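Asks: attaching a predicted model along with its sequence, questions to come.
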Amino acid sequence: MKRLIAFLLPAVLAAGPASAQDWAKDRLDASPRHLEWVKITHDRRDVQSFIAYPEVKDKATAVIVIHEIFGMSDWVRGVTDQLAEAGYIAIAPDLLSGMGPSGGGTDSLDSKAISKAIPALPPDQITADLNAVMDYVSKLPSCNGKVIVAGFCWGGGQSFRFATNNKDLKAAFVFYGVPPTTDEAAARINCPVYGFYAGNDARVTATIPAATDLMKKAGKFYEPVVYDSAGHGFMRAGEAPPPKAPTATGDADADQKAQAAFEKASPMYAANKKARDASWQRWLDLLKKI
């Protein structure tokens, strides 16, 4: 049974909040790029943010990366490094900064506390944090002044929402996040919005028709793409290591369950990886045009 649990754990971590993302951390540790934490202060509030710099000759466009509902993670930081590798300044604010014990952020909270803290974040505070991060990164000497936003899961919805609250954004990239629902909010959007959605994620993907109508009515650009058979969170799940075939233990019942779990996890992983790779390429192609 211990072997069964050891096999199932990677699949669980790929699908849900990963308390240990060694594969993401290993990539960060091996990065040759300049990575650092910066403290961005506004309105008596400090927002700890992770920033990655590209190794390029000219000034670069900046990307604000909004984390999932699981808060700041090694994978989120890894996304900033991958964007830097592609030639962009990338910054990921920990929007739970100051919300934990003794003024800590995500790393001061357990998963249960994070799941309660994220939905409770005041909307105006989120907007103020993102505005401060945008102001900071846009004024860096190495930035060309262009800033876009991207977010995943909860952060995907926040990236769409931030587009309704900041007219200076050059684009918003929404990864399986919910859209605004009012004409007034859509009317405030001043940049193109690109959506990335999972075929097996009806909770979010079912919002596309209404979002399309809302954006069309407001005269705004909205381009959603749905990736067949992928599940919610495919950008992270598709980057995680693939499930490993179980090793026979001699316990027929345990071996059968492990094999069944493997056979279920493998096609899910394949679909998520395919969606992740296609989305990443689409994202880079679009960034080049901004």
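Replies: Perfect, I can see it now.

Asks: what helices or strands is the helix ranked longest in the chain leaning on?
Replies: When the chain is parsed with DSSP state H, its longest helix is helix 252-287. Applying 3 or more C-beta pairs under 8 Å, 6 or more residues apart in numbering; DSSP states H and E, we find helix 252-287 packed against helix 2-15, strand 172-175, strand 193-200, strand 222-231, helix 234-237. C-beta here means a position set from N, CA and C on the backbone, and glycine is covered the same way.

Asks: and the residue of the chain positioned farthest from its centre, what's its pLDDT?
Replies: Going by C-alpha atoms, centre = their mean, the residue of the chain most distant from its centre is residue 250, 41.0 Å out. Residue 250 carries a pLDDT value of 87.

Asks: remind me which helix or strand it belongs to.
Replies: According to DSSP states H and E, residue 250 maps onto no helix or strand at all.

Asks: measure it to residue 171 for me?
Replies: Applying C-beta to C-beta, to the nearest Å, the value for residue 250 to residue 171 is 56 Å.

Asks: ok, residue 204 next?
Replies: From residue 204 to residue 171 the distance is 20 Å (C-beta to C-beta).

Asks: okay, now the unreliable bits of this protein?
Replies: 1-20 (pLDDT under 70).

Asks: let's go with 90 and repeat that
Replies: Applying pLDDT under 90 to the chain flags the ranges 1-20, 244-248, 250-265.

Asks: report the beta-bridge partners for the spatially most central residue of it.
Replies: The residue lying closest to the centre of the chain (C-alpha atoms, centre = their mean) is residue 152, at 3.1 Å. Note on residue 152: beta-bridge partners residue 175, judged by DSSP bridges.

Asks: wait, isn't it in contact with residue 160?
Replies: No. Residue 152 is beyond contact range of residue 160, at 11.9 Å (criterion: C-beta atoms under 8 Å).
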